[in-house]
Structures are given as structure tokens and as C-alpha cells.
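Participant: Quick one: sequence plus predicted model below, questions after.
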Amino acid sequence: MHRTEKEQADLIREISGVDTRKCMKCGKCSASCPAYDEMDIRPHQFVSYVQNGDVKALLESKSIWKCLSCFACLERCPRDVKPAKLIEAVRLMVIRQRGEDYLSPNEIPELLDDELPQQLLASAFRKYRK
């Protein structure tokens, strides 16, 4: 079933539980993001893209894989908009469309570094699994 971008944006809002209309475009979420320099679409822009129904750009964005799921953007938002939850919802949409995991369990060990915190490992499994 093919969905329009508006229907996809509605689905993203439903999955994430985020009310994008609350965003006042202050940029505090992006300012606190440790992955800001790696992202092609910043956290505050994610909110705008979903609000405007520009889902195609989000589905093709490398930012959905660069988000660290650290929730710094949630903590800094004065309106409780939760951009990371939108990013997670888009990530899930992409994974579901592909019908597979983004990374197989066999690929993960070669990406690990001895200095990685355990929280990162738990986050990675949550992030890259269906």
C-alpha cells in the first residue's frame, strides 16, 4: 500500500506521539545535539519536515542513522516536542519498508571499539533492530 507524504507524516506523528505544532523553532534541540555536525537534517528541521509533510527527504536522510538517541534534544526543548522520537519513528519506517534489520548481528562486532560505553551498545541494538 502506497501512502501519500501527508499520510506518512501522520503515521510518523502517531508512532512517535509527538505534536509537531508545539515547536517554536528555537533551535535548542539542535544546539544540544552531539551529532549535529554529522547530520544533513538537524533535529529542529526534522520537526519542520514532519510538520510540512516532506517525508521523502527524511526517509532518504543520513541523519536517521547518525542520531545517537541520547535524548539531549528532549531535555533541552522548552515545549517538550521530542525530536529524537520523530527521528526514531522515521528510522522504524525505513526499516519496516526494507523488511529487514539495518545491521545484521554479525556486522556489529567489527564496528565496536573497546572504549565504547555499554549504554551505546544497548542503544545500538534498540536502534538498529526491528
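Facilitator: Cool, got the structure. Numbering: from 1, shown residues only.

Participant: Okay, and the most centrally placed residue in the chain sits in which element?
Facilitator: Nearest to the mean C-alpha position of the chain, by C-alpha atoms, centre = their mean, lies I87 at 1.8 Å. Element membership for I87, per DSSP states H and E: helix 83-98.

Participant: ok, and what's touching that helix?
Facilitator: Applying C-beta atoms under 8 Å, 6 or more residues apart in numbering, the external contacts of helix 83-98 come out as 8, 11-13, 15-18, 20, 29, 43-44, 46-47, 50, 55, 58-59, 61, 63-65, 67, 69-71, 73-74, 77, 101-102, 127, 130. (C-beta placed from N, C-alpha, C; glycine too.)

Participant: 6 Å instead, please
Facilitator: 12, 15-16, 18, 29, 43, 46-47, 50, 58-59, 64, 67, 71, 73-74, 102, 130 (C-beta atoms under 6 Å, 6 or more residues apart in numbering).

Participant: Next: stretch 47-63.
Facilitator: Residues outside stretch 47-63 that contact it (C-beta under 6 Å, 6+ apart): 5-6, 8-9, 12, 20, 23, 39-41, 81, 83, 86, 90, 94.

Participant: chain center to it, what's the gap?
Facilitator: 10 Å (C-alpha atoms, centre = their mean, to the nearest Å).

Participant: before we move on, back to that, average pLDDT for the helix holding I87, rounded please.
Facilitator: The average pLDDT within helix 83-98 is 89.

Participant: residues of it that come out buried?
Facilitator: P83, A84, K85, L86, I87, E88, A89, V90, R91, L92, M93, I95 (16 or more other C-beta atoms under 10 Å).

Participant: The nearest residue to R79 once chain neighbours are set aside: neighbour count?
Facilitator: Nearest residue to R79, sequence neighbours excluded (C-beta to C-beta, 6 or more residues apart in numbering): K22, at 4.5 Å. By the criterion of other C-beta atoms under 10 Å, K22 has 13 neighbours.
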